[in-house]
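1. Model the structure of this input:
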Amino acid sequence: MAHAPVPFPSARRHVPAVALGVLTLAALAGAAEAPRRLTLADALARAEQGGFDALAAEAAVRAAEADREKARRFPNPAFSGAWLHSTSVPVPGGTTSSDGYTVAASDQGAVEGLASGKRSLRIGGAESALESARFGREDTLRAVRRDTAHGYYDVLLAEAVARVEADVAGSYERTLSLVDERLRFGAASRVEHARVEVAALEAAQALTEAGADVARARSVLRVLLGGDSLDGVVLDGTLEGRPPDWIERSDLASLREAVAARPDVRAARADLDRTQAALDLARRERLPDVALSAGYARQGPDVAPVTPPTLSLGAAFELPVFSQRQGEIARADSERAAAAITLARTEARATADVDAAWAALVAARERVTRMETVLLDRARETRDLVRYQYREGAVSLLDLFDAERTALQVELENAQSLYALRIAVVDLEAAVGRTAQP
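-> Sure, this is the predicted structure:
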């Protein structure tokens, strides 16, 4: 939500500012009940526990756990049986009818899968898929934390700019009163009065636009937090602050090395392991599945059985005559190659994220230092001096407008510089896979 300063006053409607936050704070200050407060730590916890992306990632992990459980289970044995009835069975002295039965059972390939290693390969693939899903969940939480911190600071920036716009509007109201006083003594013209009045109206317009910006920023943050209402909630945070100590002690080379532990890199590596297991399984499945079976049958009276007690053992398997799994192996091999490319791309992207975040951090830190040490105080002192000189009739209205415009731009740049530094820290934390620090 970074916004560049714009000329004063007509283009100020493009500045992201929020009056609604100011009005909300004023209303809450007058209420008997203390307002609810939301810290960045609270916002991060709510997003991790109830955010839509976090919940979806957790569901994906549960699905992968179910797949692993499925792979671990042996196939159920198959059982079959039949009742037999025969008539006109010859026996000494005539014929008779007789009953019998057959029973059979099959292991459905359980023994062969265990002996050939296919079962262990399936389990290994499911374990790798689960590991990928878990790292994917961690990567989702990494993005959730980054986006939530962005949304939180977006609201703070909007409220900060709104306060600047409110100060500007109040300043022009005071300037208009001063011009009215000078007009009564003939020290100002009606043209000057009209110009100040227009500027005051433009400031009021910008203040109104600020309210819409706060509402928009709060609505985005609300979605990130899982849809809970933020009505009456005061963000207990500030844009001011220095980068964490670990960043101050780090350099670009050490940060680049840290990307190996980033969740998306580890998820891509686990996915490569999964595709390797799938390729090994496809090659192993060129060995035909063998289902072992056993059966027992008998029918007829003992004196003249139609089928004497019979035990049978058997095996069933397909003959790999026309297909030796060439297509399945080729597809598994291509998926493994794609996973290797994805891993390389993820590592490169993670390194690029670190480089970009570090460059943004260095630039933002320099801007904040320059702003806090020289520029902000000089702009405020110049504005106050020109106001005094205009009151004494030493400078023109155009000089006053120029000083007010410059001071406004510097105040907005200060808020945006503080915001940019906060965002750069958040992005660097996300780039190296660290948890965002309030």
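2. Buried residues of the helix or strand harbouring Val426, list them for me.
-> Take DSSP states H and E as the rule and Val426 turns out to sit in helix 397-431. Buried residues in helix 397-431, counted by 16 or more other CB atoms under 10 Å: 397, 400-431. All C-beta spots, glycine's among them, are computed from the backbone N, C-alpha and C.
3. swap in stretch 196-205?
-> For stretch 196-205, by 16+ other CB under 10 Å, it's 196, 199-200, 202-205.
4. out of those, who's nearest Ala316?
-> Gln205 (83.2 Å; CB to CB).
5. Arg391 versus that closest one, what's the distance?
-> Counting by CB to CB, to the nearest Å, the separation of Gln205 from Arg391 is 26 Å.
6. Over to Arg283?
-> Between Arg283 and Arg391 the computed distance is 89 Å (CB to CB).
7. Equivalent analysis for Arg284, please.
-> 90 Å.
8. and what of Pro320?
-> 99 Å.
9. With Arg365 instead?
-> Arg365 is 39 Å from Arg391, where distance means CB to CB.
10. higher neighbour count, those two?
-> Set Arg365 next to Arg391 and count neighbours by other CB atoms under 10 Å: Arg365 wins out with 19 against 15.
11. Around Asp271, count how many other residues there are.
-> 25.
12. Give me the local confidence score for it.
-> Reading off the confidence values, Asp271 has pLDDT 92.
13. ditto for Ala32
-> Value for Ala32, per-residue pLDDT: 47.
14. do the same with Ala352
-> Listed pLDDT for Ala352 reads 93.
15. could you say what helices and strands the helix or strand harbouring it packs with?
-> Secondary-structure assignment from DSSP H and E places Ala352 in helix 326-370. For helix 326-370, the elements it packs on are helix 252-258, helix 263-284, helix 397-431, judged by 3 or more CB pairs under 8 Å, 6 or more residues apart in numbering; DSSP states H and E.
16. what does the following helix or strand past it contact?
-> Using DSSP H and E, the helix or strand that directly follows helix 326-370 along the chain is helix 376-391. For helix 376-391, contacts defined as CB atoms under 8 Å, 6 or more residues apart in numbering pick out 175, 178, 395-397, 399-400, 402-404, 406-407, 410-411, 414.
17. Pull up the gap between Arg349 and Val259, please.
-> From Arg349 over to Val259 the distance is 9 Å, taken as CB to CB.
18. Over to Ser219?
-> From Ser219 over to Val259 (counting by CB to CB), the distance is 33 Å.
19. Which of these two has more residues huddled nearby?
-> Remark: of Ser219 and Val259, Val259 carries more neighbours, 21 against 12, as counted by other CB under 10 Å.
20. which one is the more buried one nearest to, not counting chain neighbours?
-> Ala350 (3.9 Å; CB to CB, 6 or more residues apart in numbering).
21. Quickly note the distance from the one you found to Leu375.
-> To Leu375, Ala350 is 35 Å away according to CB to CB.
22. Of those two, give the one with the bigger neighbour count.
-> Ala350 (23 against 15).
23. The more buried one contacts Val265, correct?
-> Yes - with contact defined as CB atoms under 8 Å, Ala350 counts as touching Val265 (5.6 Å).
24. For the closest residue to Gln324 other than its chain neighbours, list the residues it contacts.
-> Distances taken as CB to CB, 6+ apart put Arg286 closest to Gln324, at 5.2 Å, once the chain neighbours are dropped. Applying CB under 8 Å, 6+ apart to Arg286 gives the contacts 320, 324-325, 329.
25. how about Arg286, secondary structure?
-> coil (DSSP: H, G, I helix; E, B strand; the rest coil).
26. Okay, now the unreliable bits of this structure?
-> 1-34, 303-304, 435-438 (pLDDT under 70).
27. so the longest helix along it versus helix 263-284, what angle?
-> Longest helix in the chain by number of residues (criterion: DSSP state H): helix 118-184. Note on geometry: by axes from the mean of the first three to the mean of the last three CA atoms, to 10 degrees, helix 118-184 and helix 263-284 are set 160 degrees apart in direction.
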